[in-house]
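> What would the 3D arrangement of this be:
(one chain, ligands or ions: 2)
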Amino acid sequence: MPSEPVSTIRGVGSDTTKKLARLNIRTKLDLVLHLPHRYEDRSVVTPLDELRIPKEYYYVQGVVQDVALKQTKGRSSAQVELSDESGGVLTLRFFNYRPRWIAVFQKGVWVRAYGQLWGEYRHKSMIHPDFKTFNADPGPPEPEFVPVYYATKGLTSKHIRSLIPKTIQEVNLLPKFAHFDMTLADALQRCHNPEMSSADVVRKGPRRRVAFDELLAYYLLQQRRRLQHKTFTTRILDRKSHLIRDFLDSLGFQLTKSQETVAREILADMSSTRPMLRLLQGDVGSGKTVVATLCILRAAENGVQTAFMAPTELLAEQHYQTLSEWLDPLGIKVGLVTGRMPAPTRRARQKAIASGDDLVVVGTHALFQDSIHFNQLGLTIIDEQQRFGVHQRMLLRDKGNLPHQLIMTATPIPRTLALYLFADMDVSRITELPPGRQSITTTLHSDKHRAEVIEAVRRHVERGQQAYWVCAAIEESENDEQELIGTEDVLKELAMKISSVRVGHVHGQMKTQEKHATMHDFRDRKIDVLVATTVIEVGVDVPNATLIVVDNSSNMGLAQLHQLRGRVGRGADASFCMLNYTNPLSDTQRQRLVRLRESQDGFELADLDLQLRGWGEVFGTKQSGTENFRVASLAHDRDLLEEVNTVGAQLIAKEPELAGKIIDTWSPIESDYASV
Ligand code: ADP
Ligand code: MG
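Numbering: from 1, shown residues only. Ligands and ions are numbered 1, 2, ... in the order given. Model (predicted):
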């Protein structure tokens, strides 16, 4: 059975089992789904005098001329010298060799080897190449494409390759569903045993078929969850009072059309017996917090509590402040829960939450710790969803009895992707920014022009405006090979060059109180320049701050830089973003920065970042676990999604049993989870 553990494979003991587990390979099926990440092309033998490019892999054939045992820097090695008809020579080097197997290299023996080239001209060598020996001229080799697998310490690609023939027959038990003229089993066979003349064909054909299956399985799973969710019923929150009206009157601005539309969608969900599960997408600064507040008020009108979770302490505190300002006058009490609260404060909060006195509770993931019990949790809101995993959302949900869930994100996920990835949810989108927003002028500055940047900050402050200066955490600058500029460096620099400017400092490791006080001072304009780590990346909102300087910008992704830039341009004044970089820049780095200078469209930037860096990096989903794809890549296989949707919908309608099997093939654990 494909679901049997790898320990049932002949020759796999507990040691290998453990090592395989490090690669997330636990069952026989996991093993066959672990595809080669490249193929060695062993079809062409390169004459020894044509070995040119260091670090390139070559296939060679030659006759042993000499075998020497050498001592270099305390390590002994066996050096086997080869030559061929071209007149070139090559040394094969083996460290920690066993005399027994070095003995095969007798003078005059033929050797065929595959390995990476080291060294120059006369001293070309291969270290521990893969090799075969022959007693006579073996002639040209049979062309071979050898799969190379991601390996781990103590478990080589070769070892993994040797296990494949013992398990590959398991694929015959997989669902026999043909697409692209292949079943999954055919495709897997061909990926592990490529017969074709080019590895490229594998990448484009069979690998794509496997990727298709995986994307399809995820689609089917999401649809199943969606259907299950629809069967749940919960408390309707449809009582209306004057609260929302009063709040809107006190705001001092009108909602945008877009805010009104999404608010209507969300409030309609909340007044249904089906628990809401809705993703609210909106670019930085589009005003998601106000919309969330309307939902909080609706929950409050109906006497149920709201839990509002943010990914960082800084953001939680800021939301706490904003919500208190808005809700206190309406007689709604807001509480704050973070991981670093002093014990007496925490106990007081726990009590207020349990009694229902705190009608709104803002916090970090400290919100779902065991000691927090809600009196009646009716709504959960998650801000900046990309920082959380599905599991964390579930933990928060489970604090209530099927509460309505609103999930907010500033990540500009392209529509087809959003519909695919969040197919279990409904999606709302804020498509416009509040009126009067100034565009942000973005400029690039190399380290040579640092003095001018500092001067620009001085002038900016003189005009009565404030600035952020974002750099690396202090610790990072010490051991990072790339020498990032840290907050301490910038603080010193500013103190020396523009001492008249009032500078504050926030970073992740700071005590909550201190952070709070500094942010407060910045809001109250007691600080002109806030030197900060990327802790300010999400959510921080100070409209009078109209300049942001970013150090080490070439090391960051577009999506992150776009988020950072979104800290400014929030008031009525023109705003600026200065990106500092250190030469030399790679092509990709330069391209990223230039595109950022030219575009303020979050969707366009996310799309580009996706192509340049891949999905996991861009959206941080690798950490948060949204993307657990083993073979498919949303950057490269995105064009398959439309077909995945069509085929998926057909399967659900016509062959539900097969659909279930496809889910099970890829994610038996996930599918269990969904049925909880
Ligand atoms: P985000 O969507 O990034 O979370 P926020 O909710 O923090 O955005 O809103 C950004 C700023 O815009 C806040 O200062 C907020 O008060 C303000 N704002 C929100 N909606 C409007 C609006 N319709 N008109 C004017 N300002 C608004
Ligand atoms: Mg926000």
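> Show me which positions of the top helix by length along the chain end up buried.
Within the chain, and with DSSP state H defining each element, the longest helix by residue count is helix 206-231. By neighbour count with 16 or more other Cβ atoms under 10 Å, helix 206-231 contains the buried residues 206-226, 229. Backbone N, C-alpha and C define where each C-beta goes, glycine included.
> cool, and stretch 75-87?
For stretch 75-87, by 16+ other Cβ under 10 Å, it's Ser77, Ala78, Gln79, Val80, Glu81, Leu82, Ser83, Asp84.
> which of those lies closest to Met276?
Comparing these against Met276 with Cβ to Cβ places Ser77 closest, at 66.8 Å.
> So the closest one is in contact with Phe94, correct?
Yes - between Ser77 and Phe94 there is a contact under Cβ atoms under 8 Å: 6.2 Å.
> neighbours of Arg112, just the number please.
Neighbours of Arg112 under the rule other Cβ atoms under 10 Å: 18.
> who's in contact with it?
Val45, Tyr59, Val60, Gln61, Phe131, Lys132, Thr133, Phe134, Pro138, Pro141 (Cβ atoms under 8 Å, 6 or more residues apart in numbering).
> Kindly report the same for Leu491.
Applying Cβ under 8 Å, 6+ apart to Leu491 gives the contacts Val503, His505, Val531.
> Which element, helix or strand, includes the second one?
What it means is His505. His505 belongs to strand 503-506 when assigned by DSSP states H and E.
> Alpha carbons of that strand, as CSV, please.
The C-alpha trace of strand 503-506 is given here as CSV (Å, rounded to 0.1, in the frame of the first residue of the first chain):
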residue,chain,number,x,y,z
VAL,A,503,15.3,60.8,17.0
GLY,A,504,13.5,57.8,18.4
HIS,A,505,14.2,54.1,18.2
VAL,A,506,11.9,51.0,18.0
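> Given it, what are its sheet partners and their directions?
Next to strand 503-506 in the sheet, as set by DSSP bridges, lie strand 529-532 (parallel).
> pLDDT of the partner strand, averaged?
Averaged across strand 529-532, the pLDDT comes to 95.
> Need the residues that contact it.
With Cβ under 8 Å, 6+ apart, strand 529-532 has contacts from 457, 461, 466-471, 487, 490-491, 494, 501-507, 518, 522, 536, 545.
> contact partners of the next helix-or-strand element following it?
Once the chain leaves strand 529-532, the next helix or strand it forms, by DSSP H and E, is strand 545-550. Strand 545-550 is contacted from outside by 438, 453, 456-457, 460, 465-471, 522, 530, 556, 561, 564-565, 567-571, 573-580, using Cβ under 8 Å, 6+ apart.
> Now for the contacts of Leu491, which sits with the most neighbours around it?
Among the contacts of Leu491, Val531 has the most neighbours (other Cβ under 10 Å), with 26 neighbours.
> Give me the buried positions along the top strand by length along the chain.
Longest strand in the chain, counting residues (DSSP state E): strand 57-72. Using 16+ other Cβ under 10 Å as the test for burial, strand 57-72 gives Tyr57, Tyr58, Tyr59, Val60, Gln61, Gly62, Val63, Val64, Val67.
> now, among these, which is nearest to ligand 1?
When the buried residues of strand 57-72 are compared for distance to ligand 1 (Cβ to the nearest ligand atom), Tyr57 comes out closest, at 48.4 Å.
> That closest one touches Met126, doesn't it?
No - using Cβ under 8 Å, Tyr57 makes no contact with Met126, being 9.3 Å away.
> what do those two both touch?
By Cβ under 8 Å, 6+ apart, the residues touching both Tyr57 and Met126 are Gly115, Gln116, Leu117.
> any chance of these in a markdown table, with distance to Ser667, pLDDT and secondary structure too?
As requested, those are exported to a markdown table (distance: Cβ to Cβ, whole Å; pLDDT from 0 to 100; DSSP: H, G, I helix; E, B strand; the rest coil):
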| residue | distance to Ser667 | pLDDT | secondary structure |
| --- | --- | --- | --- |
| Gly115 | 38 | 92 | strand |
| Gln116 | 37 | 91 | strand |
| Leu117 | 42 | 92 | strand |
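> Now the buried members of these.
Using 16+ other Cβ under 10 Å, the buried ones in the shared contacts of Tyr57 and Met126 are Gly115, Leu117.
> As a markdown table, the shared contacts of Tyr57 and Met126 with distance to Gly331 would be great.
Below are those laid out as a markdown table (distance: Cβ to Cβ, whole Å):
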| residue | distance to Gly331 |
| --- | --- |
| Gly115 | 75 |
| Gln116 | 72 |
| Leu117 | 76 |
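> List just the nearest of the shared contacts of Tyr57 and Met126 to ligand 1.
Nearest to ligand 1 among the shared contacts of Tyr57 and Met126: Gln116, at 48.6 Å, using Cβ to the nearest ligand atom.
> Does the closest one touch Tyr57 like I think?
Yes - with contact defined as Cβ under 8 Å, Gln116 reaches Tyr57; the gap is 5.4 Å.
> and Thr582, how many residues sit next to it?
Neighbours of Thr582 (other Cβ under 10 Å): 18.
> Excluding residues flanking it in the chain, which one is nearest it?
In this structure, Thr582 finds its nearest non-sequential neighbour in Asp447, 4.8 Å apart by Cβ to Cβ, 6 or more residues apart in numbering.
> repeat for His179
Spatial nearest neighbour of His179, excluding adjacent residues (Cβ to Cβ, 6+ apart): Phe212 at 6.1 Å.
> and that neighbour, what is it in contact with?
Here Phe212 is in contact with His179, Phe180, Ala632, Asp637, Leu640, Glu643, Val644 (Cβ under 8 Å, 6+ apart).
> Out of these, grab the one that's most surrounded.
Ala632 (26 neighbours).
> Do you know the pLDDT at that one?
84.
> who in the stretch 351-500 of the chain is up against ligand 1?
Within reach of ligand 1 by Cβ under 6 Å from any ligand atom, the stretch 351-500 of the chain has these residues: Ala410, Pro434.
> Please, where are all the strands along the stretch 351-500 of the chain?
Assigned by DSSP state E, counting those that start in this stretch, the strands in the stretch 351-500 of the chain fall at 360-363, 377-382, 404-409, 426-430, 440-446, 466-470.
> Take those strands and lay them out in CSV including distance to Arg161.
Compiled in CSV, those are given as follows (distance: least, Cβ to Cβ, whole Å):
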stretch, distance to Arg161
strand 360-363, 49
strand 377-382, 43
strand 404-409, 41
strand 426-430, 43
strand 440-446, 47
strand 466-470, 46
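> could you dump those strands to TSV with mean pLDDT?
Shown next, in TSV, are the strands of the stretch 351-500 of the chain (pLDDT from 0 to 100):
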stretch	mean pLDDT
strand 360-363	97
strand 377-382	96
strand 404-409	94
strand 426-430	91
strand 440-446	95
strand 466-470	96
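> Any idea which of those strands gets closest to Met341?
Nearest of the strands of the stretch 351-500 of the chain (Cβ to Cβ): strand 360-363, 9.5 Å.
> can you give me the mean pLDDT across stretch 549-556?
Mean predicted lDDT for stretch 549-556 stands at 91.
> Now it - C-alpha only, CSV.
Taking Å, rounded to 0.1, in the frame of the first residue of the first chain, the C-alpha atoms of stretch 549-556 are listed here in CSV:
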residue,chain,number,x,y,z
VAL,A,549,14.1,56.0,4.2
VAL,A,550,14.9,52.3,3.8
ASP,A,551,18.4,51.0,4.2
ASN,A,552,19.5,47.6,2.7
SER,A,553,16.7,47.9,0.3
SER,A,554,18.3,45.6,-2.3
ASN,A,555,18.0,42.7,0.2
MET,A,556,14.2,43.0,0.5
